[in-house]
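# Here is my input, please return the structure:
(2 chains)
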Amino acid sequence: MGKEEILAKVKEAFVSVLEHDNFQLADETTADDVDGWESVTHMMIISEVEKSFGIKFKLMDLMNMNNVGDLIRTIESEL
Amino acid sequence: MKFVKALQESIENHSDHNALCINRKFYTYHDFAIEISKIRNAIANTVEDAEKLIGLVTNDDLQTYASILALWLEGKAYVPVNPSTPIERNSKVFELTETRYVIDSSETSIYKDYKVIASGALDTTDINLKPKDVSGDQLAYILFTSGTTGLPKGVPITFDNVNALVNAIDAEPEFNLVPSDRCLQMFELTFDFSVVTYLFPFLSGSCIYTIPKGAIKYFYIFKLIKEQKLTVLTMVPSIINYLRPYFPEINAPDVRYCSFGGGALHSDIAKEWSECLPNCKIFNYYGPTEFTVYSGFYPYHKETHQKAHNGIIAIGTPQEDTLYLVVNEHNEEVPVNVTGELCLGGPQITPGYWKNEERNTQSFFVREENGKKQRYYKTGDLCFKDEEGDFLYVGRADFQVKIRGYRVELAEVEFHAKAKSERKVNMVALDITNALGNAELGLAIESEEFDTEEIFSYMKTKMPDYMIPGHVRFIKEFPHSINGKINRKGLRTYFDIN
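Residues are numbered from 1 along each chain as shown, chains lettered A, B, ... in the order given. A predicted model of the protein is given here:
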């Protein structure tokens, strides 16, 4: 799966949890840049991403995830 | 005041110990004492003696914690406001308390209409931690919770109230903090649970670890447990609900105590969580803001103490000097095993809601006991007492819900949702359980679909983020029950959020 494809699926997960698509996702995007992305919705997004890619993150990876780029890299390593 | 004096002694006796860890930076009790003295000096030099209720912007920094102690040493109360809550709501709070002075450590303060003490830029002074004499009925803090009429509801807590809380915890042999303890402080200072997570560690010379604003708190907590080897955790149950998928990766042998409060603790998850903490005592605390944080606890143990009702762990027994009373609608005590409303009496009870006679008449009553008048607070929680004297939680008696540990009146959410809407349509706020077992807010609108952006931007100026519904559904016609009431259970089925 290419990075573009991963990013598209990740965006779907964000839209489904946040119930809006008023944002852009790039490597350096953090919770501060997206309306509604905070502690609680982050957990829902993570669980949505796990479902849609059929993967399971490790707590150690999630602990050090600071932006969308980190998320994409972790997904790539799990695929 | 005994507990303020005890704080002074603890700060002086532990000066080379760490007091706070904020965003990976450690501050000793000596650093803390310097900061407290600076702020206290500024208060004494600028604020008139008669001015007792001082605003405090709750940033995550040394100055904000030092401000609380400085105010207490000066015999004054803090009125905390969260910097991420709309300024309009925070100004409302200050208007209600007639607060004119605000302590703000922010680089530039947005509280231009107030006299601001910029606690981040004060001159050094000599250390002075000697408390002023204060009468016990003076206020130590006022916290505001969600109110049904769109106005936040103030709960004032006196120095006597806090002192009684400290006495009760001191009397409990099962819970003793020591100077080497490393304690989680994950709460906003506008949330009353924070009082126990800073006060008890400071009284014991232990170190508190805060959560930076903007961090994903669930993972940050895990990071602190793992890297800083925390020994004492105080949390709302929703934290472990979110961490639950990762329990198999959590093993924290250093944790000695884990206290829960601010929401129902379910027995299945408590058991799984206790497997992650092999050397830990778990306390299920109960207590409303109106009764100074804690009123009692149940000592959970996965093998020996697992009493529960409908899967919710018991709230146990009242602590020292506290009375529990379960009553019917006439405020008369009901027998053992009969469900009624739980009422609390004793020295931790608030003097009453801030300037709200109507609510005070509804929520407090006096009962004659052994020739003495005993005042009780009606919690709105339905409970019963079993034969062994343990109290068990059944549910809420009204439309108040807990979102991430915060109390939310659904009526207040509805009030603000409807206020700016041009369409006069029915709107109902609901608590909806997500896949991880936590409550989220939904807004059901009886209408064809329309753009809700204006409604939401208005709500965001009026309420903190946890009160903003995360889900909206348009329903052409609301389901009704036989007696014509809106069927809230039926409405919930429209919110398939999982």
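# B:Asn284 is in what secondary structure piece?
Here B:Asn284 is covered by strand B:281-286, with elements defined by DSSP states H and E.
# residues near B:Glu477, how many?
B:Glu477 is flanked by 8 other residues according to other CB atoms under 10 Å in any protein chain shown. Heads up, the C-betas are built off the backbone N, CA and C, glycines and all.
# Tell me the buried residues in the host helix or strand of B:Ser457?
Element membership for B:Ser457, per DSSP H and E: helix B:453-462. Buried residues in helix B:453-462, defined by neighbour count with 16 or more other CB atoms under 10 Å in any protein chain shown: B:455-456, B:459, B:462.
# Same check on stretch B:99-116?
Buried, per 16+ other CB under 10 Å, within stretch B:99-116: B:99, B:101-106, B:109, B:111, B:114, B:116.
# Return the residues of chain A in contact with chain B.
A:19, A:31-32, A:36, A:38-44, A:47, A:56, A:58-60, A:62-63, A:65 (CB under 8 Å from any CB of the partner chain).
# Could you tell me which residues make contact with the closest residue to chain B within chain A?
Proximity to chain B, evaluated over chain A using CB to the nearest CB, is greatest for A:Leu59 at 4.1 Å. Residues near A:Leu59 by CB atoms under 8 Å, 6 or more residues apart in numbering or on different chains: B:219, B:222, B:246, B:249-250.
# Top of the residues you listed by number of neighbours, please.
Comparing the contacts of A:Leu59 by number of neighbours (other CB under 10 Å), B:Phe219 comes first, having 23 neighbours.
# residues in contact with the host helix or strand of it?
Using DSSP H and E, the element containing B:Phe219 is helix B:217-227. Applying CB under 8 Å, 6+ apart, the contact partners of helix B:217-227 are A:39, A:42-43, A:59, A:62-63, A:65, B:184, B:186, B:209, B:211-212, B:230, B:233, B:235, B:239, B:242-243, B:246, B:250, B:252, B:254-255.
# can you pull out the helices in chain B?
B:2-13, B:29-46, B:62-73, B:87-97, B:159-170, B:193-204, B:217-227, B:237-243, B:267-276, B:357-363, B:410-419, B:453-462, B:488-492 (DSSP state H).
# Could you pull up the residues touching the closest residue to A:Asn67 other than its chain neighbours?
Leaving aside its sequence neighbours, A:Asn67 sits nearest to A:Thr30 (CB to CB, 6 or more residues apart in numbering or on different chains; 4.8 Å). Taking CB under 8 Å, 6+ apart, we find A:Thr30 in contact with A:66-68.
# Against A:Ile46, how distant is A:Thr30?
15 Å (CB to CB, to the nearest Å).
# what does A:Gly69 give?
15 Å.
# Equivalent analysis for A:Glu28, please.
From A:Glu28 to A:Ile46 the distance is 19 Å (CB to CB).
# Repeat that for B:Glu414.
31 Å.
# A:Lys9 now?
From A:Lys9 to A:Ile46 the distance is 14 Å (CB to CB).
# So between these two, which is more surrounded?
Taking neighbours as other CB under 10 Å, A:Lys9 and A:Ile46 compare with A:Ile46 leading, 23 against 15.
# before we move on, which element is that one in?
Using DSSP H and E, A:Ile46 falls in helix A:39-53.
# Any chance you could list what contacts that helix?
Under CB under 8 Å, 6+ apart, the answer for helix A:39-53 is A:6, A:9-10, A:12-14, A:16-18, A:31, A:37, A:55-57, A:62, A:71, A:75, A:78-79, B:215-218, B:242, B:245, B:404, B:434-436, B:438, B:440, B:470.
# Go again with 6 Å.
A:9, A:13-14, A:16-17, A:56, A:75, B:216-217, B:242 (CB atoms under 6 Å, 6 or more residues apart in numbering or on different chains).
# So which of these sits lowest on pLDDT?
Within these, B:Tyr242 has the lowest pLDDT, namely 85.
# and the stretch 151-300 of chain B, which of its residues are near chain A?
Within the stretch 151-300 of chain B, the positions near chain A by CB under 6 Å from any CB of the partner chain are B:216-217, B:219, B:222-223, B:242, B:246, B:249.
# neighbours around B:Val81, how many?
By other CB under 10 Å, neighbour count at B:Val81 equals 25.
# separation between the residue nearest to it when sequence neighbours are not counted and B:Ala70?
In this structure, B:Val81 finds its nearest non-sequential neighbour in B:Asn90, 3.9 Å apart by CB to CB, 6+ apart. Plainly put, B:Asn90 is 21 Å away from B:Ala70 if you go by CB to CB.
# who's more crowded, these two?
Comparing B:Asn90 with B:Ala70 by other CB under 10 Å, the one with more neighbours is B:Ala70, at 28 against 24.
# The more buried one contacts B:Lys38, correct?
No: B:Ala70 lies out of contact with B:Lys38 (CB atoms under 6 Å); the separation is 8.2 Å.
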